[in-house]
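Trainee: Test case, fold it:
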Amino acid sequence: MDSLIPFTTSGALVDYVDRKMLVVLRDGRKLHGVLRSYDQFANLVLEDTVERIYHGDQFAETLHGLFLIRGENVVLLGEIDLDTEDDVPLQQVDFHVLHPIHKTEVQTKRESDEEKAKILYERKGFSREGGEGDGY
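Mentor: This next block holds a predicted model:
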């Protein structure tokens, strides 16, 4: 009977070892790489890792190689379908072309999020992320 209960822990990752994965981190970075190892805390080791940035219908990549990710920073982890990966209608451009645009977008979003957090704190009493009352 216990064999019918699906894994709800990091043990569920065993089927994804040696497969190409997309990992979205808490800071918004998107990493593509081959999952080589993990542990009970969902710390991940990715091989041949590239970081992708997007703007409109364009994307750029920068190579990071072997990458160790602390499990608490993972927001999303998913397998990349190799059969349909090339069908995505995005144009790859040089990283140095897209990076300044991406950096500006990230800074604008950060400022907007800080303004929202300030309003929520001042008007509604919500604590800021990482602040008082945000412990788990």
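
Trainee: Look up the residues forming beta bridges with the most centrally placed residue in the chain.
Mentor: Centroid check for the chain by C-alpha atoms, centre = their mean gives V24 as the closest residue, at 1.0 Å. Counting by DSSP bridges, V24 forms beta bridges with K30, L76.

Trainee: Do I have it right that it meets L76?
Mentor: Yes: assessed by C-beta atoms under 8 Å, V24 is found in contact with L76 at 4.1 Å. Quick note: C-beta positions are derived from backbone N, CA and C, even for glycine.

Trainee: Quick check, pLDDT for S10.
Mentor: Note for S10: predicted pLDDT of 71.

Trainee: Give the helix, strand or coil label for the residue lying closest to it once chain neighbours are set aside.
Mentor: In space, and not counting its chain neighbours, S10 is closest to A42: 4.4 Å by C-beta to C-beta, 6 or more residues apart in numbering. Classification of A42 using DSSP: H, G, I helix; E, B strand; the rest coil returns coil.

Trainee: ok so, going back, show the contacting residues for the residue nearest to the centre of the chain.
Mentor: Residues in contact with V24 (C-beta atoms under 8 Å, 6 or more residues apart in numbering) are 30-31, 74-77.

Trainee: Now which of these would you call buried?
Mentor: 30-31, 74, 77 (16 or more other C-beta atoms under 10 Å).

Trainee: Quick check: the gap between H96 and Y16.
Mentor: To Y16, H96 is 32 Å away according to C-beta to C-beta, to the nearest Å.

Trainee: who has more neighbours, these two?
Mentor: Y16 (16 against 9; other C-beta atoms under 10 Å).

Trainee: I'd assumed E79 was in contact with that one.
Mentor: Yes: assessed by C-beta under 8 Å, Y16 is found in contact with E79 at 5.9 Å.

Trainee: A12 looks like it's in a helix, true?
Mentor: Yes: assessed with three-state DSSP, A12 lies in a helix.

Trainee: What count of nearby residues applies to L120?
Mentor: Applying other C-beta under 10 Å, we find 13 residues neighbouring L120.
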